[in-house]
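In: sharing a model prediction with you, sequence too.
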Amino acid sequence: MGSSAEHRIGLRKGEALGLRWADVDLEAGRVRVVQRLQRIEGSLQLDPPETRGSRRTIPVPPVCIDALIAHGVRQDAERASLGEYWQESGLVFTTQLGTPIDPRNVNRWFDALCKRAEVPRVRVHDLRHTCASLLLAPGVHPRVVMEILGHSQISMTMNTYSHVLPGVQEEAAQRMEEVLRGEPDDETADGPPT
């Protein structure tokens, strides 16, 4: 399982592992988060997201759609090569046999990737922080980020990611300065003189 879905669209690990092909609309560029995979009493189980806000439909960037298409082709080849030994789960991310991936294995694989890339070890969950930071830094509205991440309250998003906002706050201060000084913004600067 690659990590692109987690860091580019902010899925929790269990949400990515519980993602079904039936919930991926490649044409529209959207995924529906309706379940998660987690270990409950020693066995892997699919269950609904923790909160109402976690159940969501989110847009997926074209680069992720391309990665999902390529992943689907690889998975189809694995399915075909295994024939009757393939265990159909309908999940997007599976083992080579088609079964759900144990979340602990994702942690192990990710740790190995960090080591091989010679970068500091980070948690898989930190990819959600990367997603939020990449969205907030260029000025995506925090409420939109909240919805993409599946937070139930805006305060969760703001309390966790407010460190990303200083640049956005500086831009807001500059816009306020322009308004107070009566300077036209870029959109109205080309209009007729008054």
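Out: Now that the structure is in, tell me what you want to look at. Residues are numbered from 1 along each chain as shown.
In: quick one, strands of the protein?
Out: In the chain, the strands defined using DSSP state E lie at 24-25, 30-33, 36-40, 43-47, 56-59.
In: please identify the deepest-packed of the ones you listed.
Out: strand 30-33 (a mean of 20; mean count of other CB atoms under 10 Å). C-beta coordinates here come from the backbone N, C-alpha and C atoms, glycine included.
In: how far off centre is it?
Out: Using CA atoms, centre = their mean, to the nearest Å, the distance from the centre of strand 30-33 to the centre of the chain it belongs to is 10 Å.
In: partners of it in the sheet?
Out: If you go by DSSP bridges, strand 30-33 pairs up with strand 24-25 (antiparallel), strand 56-59 (antiparallel).
In: need the residues that contact it.
Out: For strand 30-33, the external contacting residues (CB atoms under 8 Å, 6 or more residues apart in numbering) are 5, 9, 11, 15, 19, 23-25, 49, 54-60, 150.
In: in this structure, which helix or strand is least confident?
Out: helix 4-9 (a mean of 52; mean pLDDT, DSSP states H and E).
In: so which bits of the longest helix along the chain are buried?
Out: In the chain, taking DSSP state H as the definition, the longest helix is helix 62-82. By 16 or more other CB atoms under 10 Å, the buried positions in helix 62-82 come out as 64, 65, 67, 68, 71, 75, 79.
In: confidence-wise, which of the residues you listed comes last?
Out: Among the buried residues of helix 62-82, residue 64 carries the weakest pLDDT, at 91.
In: distance of that one relative to residue 177?
Out: Between residue 64 and residue 177 the computed distance is 38 Å (CB to CB, to the nearest Å).
In: cool, residue 120 as well?
Out: Distance from residue 120 to residue 177, by CB to CB: 39 Å.
In: neighbour count: the two, which is higher?
Out: residue 177 (10 against 7; other CB atoms under 10 Å).
In: tell me the predicted confidence for that one.
Out: pLDDT, residue 177: 83.
In: what is the burial count for the residue lying closest to it once chain neighbours are set aside?
Out: Excluding the flanking residues, the one nearest residue 177 by CB to CB, 6 or more residues apart in numbering is residue 183, at 7.9 Å. The tally of other residues near residue 183 (other CB under 10 Å) stands at 10.
In: what's the answer for residue 159, then?
Out: The burial count for residue 159: 10, using other CB under 10 Å.
In: if I look at it, how far off is residue 46?
Out: Residue 159 is 30 Å from residue 46, by CB to CB.
In: and for residue 31?
Out: Using CB to CB, residue 31 is found at 16 Å from residue 46.
In: and if you look at residue 83?
Out: Between residue 83 and residue 46 the distance is 25 Å, computed by CB to CB.
In: same question, residue 100
Out: 8 Å.
In: again with residue 95
Out: When CB to CB is the yardstick, residue 95 and residue 46 sit 15 Å from each other.
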